[in-house]
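Chemist: With the sequence up front, the predicted model follows.
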Amino acid sequence: MQQIIKGTEPTELTEYKRKNPTHRYDDLGDDPEQIRLAIRQACLDEQAYLCTYCCRQIGSKDHDCMNEHILPRQHYPQHSFDFNNIVASCTTKGCCDDAKENQEISISPMSPRCETEFKFNISGTITGLTNDAKQTIDVLKLGDSLQQNQKLVDIRKQAIANFLFSQSTTIDDLVEDDELLTLLVEDLQQITEGKLQPFAPIITKALKNWINGNK
């Protein structure tokens, strides 16, 4: 997970709520898809086209992402049109929105705790540093072990390896060269056509965590 900074809600949503003050998300009117797509696009833009939970790249294929309510709309209908409660999640089976369903998570992707309570490892796993982080990982099936989500763990591990290969460097090189690490992190933070490269925040954190632990 990475912290998401929410922006202004899309004008289509603002106008719809003005005209339909008693409606909830499940009550969208004659053209619901237009509103849903406007919400999704706004979320994709502020998330740089990465899933709010696993940081896969989303928004490039049909049906690869969806509007996700942090507080489940089935339990909190009063927040179902709150843009600050909506993010874009991937539709991958077995994790993220698909695993969460109507459960609640202890750490919201809008919380700065995302940056301090999750540890990403070069093995591809994620470690919860607090009980709340562990609960969030468990609900979303974010891969604290191979047993929990081997596919996601393997994908993250490969993303780290592919990035290092693309930069013609190794993890050992970075231990000896702080300036090189800084340059690589800057490269990972570059947004091209509104998009970060897949898993960019996770690669950054995994490299920093490994290097800091080996100095």
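Modeler: Yep, it's here. Numbering: from 1, shown residues only.
Chemist: Skipping adjacent residues, who's closest to the residue positioned nearest the centre of the chain in space?
Modeler: Nearest to the mean C-alpha position of the chain, by CA atoms, centre = their mean, lies residue 52 at 2.1 Å. Nearest non-adjacent residue to residue 52, counting by CB to CB, 6 or more residues apart in numbering: residue 87, 4.0 Å away. For the C-beta atoms, the positions are set from N, CA and C on the backbone; glycine is no exception.
Chemist: Helix or strand: which one has residue 34?
Modeler: helix 32-46 (DSSP states H and E).
Chemist: what do you get for residue 169?
Modeler: In the assignment (DSSP H and E), residue 169 maps to no helix and no strand.
Chemist: who touches it in this structure?
Modeler: Contact analysis of residue 169 by CB atoms under 8 Å, 6 or more residues apart in numbering lists 180, 184.
Chemist: Just the helices from the protein, written as ranges.
Modeler: 11-19, 32-46, 96-100, 131-140, 146-166, 171-176, 178-188, 200-212 (DSSP state H).
Chemist: And for the nearest residue to residue 2 once chain neighbours are set aside, the neighbour number?
Modeler: Distances taken as CB to CB, 6+ apart place residue 201 nearest to residue 2, at 4.1 Å, with adjacent residues excluded. Burial measure for residue 201: 19 neighbouring residues, criterion other CB atoms under 10 Å.
Chemist: ok, residue 201 to residue 174 distance?
Modeler: For residue 201, the distance to residue 174 equals 17 Å [CB to CB, to the nearest Å].
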